[in-house]
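*Asks:* what shape does this take:
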Amino acid sequence: MTEEVAEKVAQPTPDPEAQRQEWVRTQFQKANRFLAEKGVIPNKVLTDESRYLAPYLAIWKMESKQPKKQTFWVMSGDLPSDYVDVKVAETARDAIRHFSMMWQLKAENLHKSGVTKDPTQLKFAQLLISRAESLYKMNQDEKLWA
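*Replies:* Okay, the predicted model is just below:
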């Protein structure tokens, strides 16, 4: 057996469920950090209403105590983290549709304001549009919500 083959044989094969759980844990930490940066201290996650599509998207329904008791939809994953008050969307699916529309509008406003002449702002606007389109497709895919 060559050294290269022996090395491959010696390495355990990754457990897909363990990888998914690690991804979910990482996204949960990312969502918590994001809220904390916005001055919101999460208190509780409503896991039954939260959804995960590893490795792309996690949408969390989170309650906060501080600065006041509120509930939010918080999104993390392979996209910009964002949050909205739970009042704008009843379900995780509705929240994804809301983020999609909101990001399309943000990107349009960036273009209209002229800040997209800055390459960094242009790249951000393009990212928002790309992810908004992906979110819309996810929202429309019945197989994801069955």
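
*Asks:* next, S76: phi, psi?
*Replies:* phi -140, psi 170 (degrees, to the nearest 10).

*Asks:* just give me the neighbour total for it.
*Replies:* Neighbour count of S76, defined by other CB atoms under 10 Å: 24. In this view, the C-beta of every residue, glycine as well, is placed from N, C-alpha and C.

*Asks:* is it in contact with A54, as I believe?
*Replies:* No: S76 is beyond contact range of A54, at 11.4 Å (criterion: CB atoms under 8 Å).

*Asks:* show me the beta-bridge partners of the spatially most central residue of the chain.
*Replies:* Geometric centre of the chain, nearest residue: S76, 2.4 Å, by CA atoms, centre = their mean. In this entry, S76 is beta-bridged to A58, by DSSP bridges.

*Asks:* and it, how close does it get to S134?
*Replies:* Separation of S76 from S134 (CB to CB, to the nearest Å) stands at 14 Å.

*Asks:* can you tell me the SS state at L79?
*Replies:* Counting by DSSP: H, G, I helix; E, B strand; the rest coil, the backbone at L79 sits in coil.
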